[in-house]
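Enquirer: Please work out how this folds:
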Amino acid sequence: MLTQQEKDFIDYWQRNRDSQKRTLKQLLIGIPIGLLFAIPICINFFSGWYKRAAMMSNTPDFNPLVLIIAMIVIIAFVAIFSKRHQWDMREQQYQELLSKQAKEDILDEAEKK
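Expert: Next up is the predicted model:
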């Protein structure tokens with residue numbers, strides 16, 4: 001027997017599963033998670049505690065554009081990856097609950113006969 005919470009999840013996921021699978025939405029919602037990875041890297045780089053990084057940032061070969069692009073790539077990758085994983089986990093739970101509901105329906109029909 002499905003609990004009310006499981007039934008509510010099935011209804012919710014049927015309505016929202018397609019919209020939450022879109023990559024752009026996953027990126028926009030996942031940006032804070034990506035920032036959790038990128039901000040400490042920037043703080044670590046600019047704090048100066050790692051002398052070699054400080055020396056490299058003061059050379060003429062250092063291109064800050066490369067650092068900015070790397071941070072954007074890290075943020076985008078982590079954001080999309082984490083939200084895609086979350087979507088996969090919810091989809092798996094949804095499929096398991098549908099399977100459980102189908103088995104219960106089959107047992108109910110067998111009992112009625």
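Enquirer: Return the distance of the helix or strand bottoming out on mean pLDDT in the chain from the chain's centre.
Expert: Least confident helix or strand, the chain: helix 51-57 with a mean of 83, by mean pLDDT, DSSP states H and E. Per CA atoms, centre = their mean, to the nearest Å, the displacement of helix 51-57 from the mean C-alpha position of its chain is 33 Å.
Enquirer: Are there helices or strands packed against that helix, and which ones?
Expert: Packing partners of helix 51-57 (3 or more CB pairs under 8 Å, 6 or more residues apart in numbering; DSSP states H and E): helix 23-47. Glycine gets a C-beta too; all of them are placed from N, C-alpha and C.
Enquirer: Buried residues in the helix it packs on, which are they?
Expert: Neighbour-count burial for helix 23-47 flags 26, 27, 30, 31, 33, 34, 35, 38, 45 (criterion: 16 or more other CB atoms under 10 Å).
Enquirer: Please report how far the nearest residue to the fifth one once chain neighbours are set aside lies from residue 63.
Expert: Spelled out, that is residue 33. Nearest non-adjacent residue to residue 33, counting by CB to CB, 6 or more residues apart in numbering: residue 82, 4.9 Å away. Residue 82 sits 29 Å away from residue 63, going by CB to CB, to the nearest Å.
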